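> Fold the following.
(4 chains)
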Protein chains: 2
Amino acid sequence: MEKPKKITIEDVAKHSGCSKATVSRVINHDKRVRPETAGHIMKSIDILGYHPNTIARALSGGKTFEIAVVVPDNWKAQPYYIKLIDAIEDVADSKGYHIILKRRKYLDSVISLVNQKRIDGLIIRNMQVADQEESLFAKMERMGMPFILTGQPQGDYPFVKPDNIGGGRDVAFYFSEMAYKKILYISGPKDHIDSNERLAGFRVGLSENGFDLQNLYIASGDYSTESGYHASKRFFSSKFADAVFAANDRMALGALLYFREKGIKVPEEVSLAGYDDNFFSEFLSPSLTTVKLPMSEIGTIAMESLIRMIENKSRPNIKMLLPSRLVKRDSCISRL
Amino acid sequence: MEKPKKITIEDVAKHSGCSKATVSRVINHDKRVRPETAGHIMKSIDILGYHPNTIARALSGGKTFEIAVVVPDNWKAQPYYIKLIDAIEDVADSKGYHIILKRRKYLDSVISLVNQKRIDGLIIRNMQVADQEESLFAKMERMGMPFILTGQPQGDYPFVKPDNIGGGRDVAFYFSEMAYKKILYISGPKDHIDSNERLAGFRVGLSENGFDLQNLYIASGDYSTESGYHASKRFFSSKFADAVFAANDRMALGALLYFREKGIKVPEEVSLAGYDDNFFSEFLSPSLTTVKLPMSEIGTIAMESLIRMIENKSRPNIKMLLPSRLVKRDSCISRL
DNA sequence: CTGAAAGCGCTTACAG
DNA sequence: CTGAAAGCGCTTACAG
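As a prediction, this is how the structure comes out:
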């Protein structure tokens, strides 16, 4: 039932009466092979059921058809990375690529993959600028090995990421429609670009709708559930707002827990929105209005672009912001 | 800053005054090298900063240091697979292995990895016996390529999986303690071994506690949330139970939605438990009592065993059931 | 457009 | 215990 012997390029060469070199060219779609010859060889390949040995290919300087995907260490807390990976894999498989998965903490291992040219490219969720990453990117650039960031823009490297400004603006339009009068924004860590962009877009959107920004308050958190709880507590113990927008769903959950504890009714007294459409958000009571990140789209586009860079050896240097989508659930109610 | 030139086994051979063969033996911990020679070569390796090229190694018949991990197509619905993968990666990295991630739907691609000996081994969440998998396993067996199942036992192949019987039994003990009088079990698909094992363990545990099995009712579902909803509806429209145990959390959620709709109070009137400790379970209201699967432990043990099989070329043929853990939350209350 | 030959960096019988 | 040499299955200048 098994092929008794592994069939190699040598076999194809013999069968077709050509040289290994020509067979190799056909496999690699080299233009300078006479179409007839190519067709002939194709036939032999078909008949023999030949599949190029990718390891040999890699050793002699070719491609490995493997790419590495680096996710955050705590991706467990954001299972939407699964969507990213699934999308990447869908594209990868259709083009014959395989995915090596790595958490950020194993970046050393990624670096050794790069050094050994064990991968053809890399998709990485980069974080706040880190030296180790910067030097990796610089090295890859020098080696001509393509990579794409899905986290923050960094240097002049290509990236594909969610449009946080647009997402914040969408929430602002929705909040305006709901006619909220006083709004609290719970931010992420001070220097975190995602949170800042969301707020910037939110401000713009509110202004566009004639909202007086005097009535927008800011409380700072650090993305954790606890920080959302405490930010709410700090604010609501002295002031009031009829709507809260948290920079992520975990902090929104923290706020919700605070409101529950205090007997403040959501959404009747305070409406609440988060960001990320985290896994638990639709299961909360009330279910949480939030903004869904375009993870699948990011995965698809990142992988398609990466393959293009690998195969064309071109450097399109794409920089893309992909639109997020407002998901309206029960935690927001109109004040009209 | 970069090494100007890639340093190879040749360089080490020259530097140490030995042959490439001997260097190779040292790298591979071959016993028949004089310790002094080995030490000497080690030093050269250190000085030169030599790292064996794993691609060359693989081509000449050695190992690739890559293993494939196959997860279900819909692993997005069960993010605890992330824990499995993280655990596998932790072990893998410590031993210098890399993980190629694949969903079940791309099994063809896995097969080609096997055919090309692009991987040293495989960890797969196998499903109900499928022909394609069976033939893959048989082939790997013939090739002497190790693999470990984390789904169902199959043939005589090694596996590591959760102890569903023990988990079901734990729930029975807990339910007995809570003094429930009439219990509904919502099962998974008829032929699904996990659900059947959980029920078997549940029955045993109830009996051990003197519970009259006449008061245990069974409604069948198919693991989906909807089926949990409908199973509950069918049962409760004519009968009553003061506790429900669903074969997974998604069906428990379905039951909860039904109770909410009907105004039946959980846990006051009906207590509820699920299985899996799915991602949403702690966020439900009330939070769901359930059984947590030992995914990290499975990942760790599976990977450690796999590496042992790869490196010792031994076939320990491990078959392990790992204990699950009852997670008590708010959806169950004592009737005493 | 096509081929002969060298080379990618290892491992592994085969001798000794 | 150690080395010379062949070989793993490709790719890629170099010629023609």
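> What parts of the stretch 201-336 of chain A come near chain B?
Residues of the stretch 201-336 of chain A lying close to chain B by C-beta under 8 Å from any C-beta of the partner chain are A:253, A:279-280, A:283-285. Where you see a C-beta, it was placed from the backbone N, CA and C, and this is true even at glycine.
> and with 6 Å instead?
Remark: the part of the stretch 201-336 of chain A in contact with chain B comprises A:279-280, A:283-285, using C-beta under 6 Å from any C-beta of the partner chain.
> Distance to B:I9 and pLDDT for those - can I get that in TSV?
Output for these, formatted as TSV (distance: C-beta to C-beta, whole Å; pLDDT from 0 to 100):
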residue	distance to B:I9	pLDDT
A:F279	48	83
A:F280	53	86
A:F283	56	86
A:L284	59	88
A:S285	64	88
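> Between these, which sits nearest DNA strand D?
Of all these, DNA strand D sits closest to A:F279, with 42.9 Å by C-beta to the nearest atom of the strand.
> Ramachandran angles for the nearest residue to A:Y258 once chain neighbours are set aside?
Computed as C-beta to C-beta, 6 or more residues apart in numbering or on different chains, the closest residue to A:Y258 that is not its neighbour in sequence is A:S232, at 4.2 Å. In terms of degrees, to the nearest 10, the main-chain angles of A:S232 are phi -70, psi -50.
> distance of A:S232 from A:E261?
To A:E261, A:S232 is 10 Å away according to C-beta to C-beta, to the nearest Å.
> how about the residue in the stretch 101-250 of chain A positioned nearest to DNA strand C, what does it touch?
Nearest to DNA strand C, among the residues of the stretch 101-250 of chain A, is A:Q116, at 9.0 Å (C-beta to the nearest atom of the strand). Going by C-beta atoms under 6 Å, 6 or more residues apart in numbering or on different chains, A:Q116 touches B:T54.
> Can you tell me how far it is from B:A13?
19 Å.
> follow-up on the earlier one: have a look at A:S232 and A:E261 and say which one is more surrounded.
Between A:S232 and A:E261, counted using other C-beta atoms under 10 Å in any protein chain shown, the more crowded position is A:S232 (30 against 11).
> My understanding was that that one contacts A:L256; is that so?
No: the pair formed by A:S232 and A:L256 falls short of the contact definition of C-beta atoms under 6 Å, at 8.7 Å.
> my guess is A:E66 contacts A:K117, does it?
No: with contact defined as C-beta under 6 Å, A:E66 does not reach A:K117; the gap is 10.2 Å.
> neighbour count winner among these two?
Higher neighbour count among A:E66 and A:K117: A:E66, with 21 against 18, using other C-beta under 10 Å.
> Show me what the more buried one is bridged to.
A:H98 (DSSP bridges).
> Mind pulling up the pLDDT for it?
As predicted, A:E66 sits at a pLDDT of 95.
> Helix or strand: which one has the closest residue to A:F147 other than its chain neighbours?
Ranked by C-beta to C-beta, 6+ apart and with sequence neighbours excluded, the top spatial neighbour of A:F147 is A:L122, at 4.0 Å. Taking DSSP states H and E as the criterion, A:L122 maps to strand A:121-124.
> And A:A68, by the same measure?
According to DSSP H and E, A:A68 maps onto strand A:66-71.
> next structured bit after that strand?
As assigned by DSSP H and E, the chain's next helix or strand after strand A:66-71 is helix A:81-94.
> list the helices and strands that following helix packs on?
In terms of contacts (3 or more C-beta pairs under 6 Å, 6 or more residues apart in numbering or on different chains; DSSP states H and E), helix A:81-94 is packed against helix A:295-312.
> so after the helix it packs on, what's the next helix or strand?
Once helix A:295-312 ends, the next helix or strand along the chain (criterion: DSSP H and E) is strand A:319-322.
> for the record, mean pLDDT for the very next helix or strand once past that following strand?
Going down the chain from strand A:319-322, the next helix or strand is strand A:325-327, by DSSP H and E. Averaged over strand A:325-327, pLDDT sits at 97.
> which outside residues touch strand A:325-327?
For strand A:325-327, contacts defined as C-beta under 6 Å, 6+ apart pick out A:170, A:174, A:277, A:290-292.
> so what's A:I148 up against?
By C-beta under 6 Å, 6+ apart, A:I148 lies in contact with A:123, A:158, A:302, A:306.
> Quick check: the second one touching A:I318?
Yes: with contact taken as C-beta under 6 Å, A:P158 and A:I318 are classed as touching, separated by 4.9 Å.
> Pick out whichever of those two has more residues nearby.
A:P158 (19 against 16).
> Check what pLDDT the residue of the stretch 101-250 of chain A closest to DNA strand C gets.
Reading off the confidence values, A:Q116 has pLDDT 84.
> Kindly provide the distance from it to B:P162.
Taking C-beta to C-beta as the measure, A:Q116 falls 37 Å from B:P162.
> What of A:E226?
Separation of A:E226 from B:P162 (C-beta to C-beta) stands at 31 Å.
> ok, these two, which is more surrounded?
The neighbour comparison of A:E226 against B:P162 (other C-beta under 10 Å) goes to B:P162, with 26 against 13.
> Can you tell me who the more buried one pairs with across the strands?
Beta-bridge partners recorded for B:P162 (DSSP bridges): B:L322.
> Counting by contacts, list what the host helix or strand of A:V26 packs against.
A:V26 is part of helix A:20-27 when elements are defined by DSSP H and E. Contact partners of helix A:20-27 among helices and strands, from 3+ C-beta pairs under 6 Å, 6+ apart: helix A:9-16, helix A:35-48.
> do the shortest one and DNA strand C meet?
No: no part of helix A:9-16 sits near DNA strand C under the criterion C-beta under 7 Å from any atom of the strand; the closest distance found is 7.8 Å.
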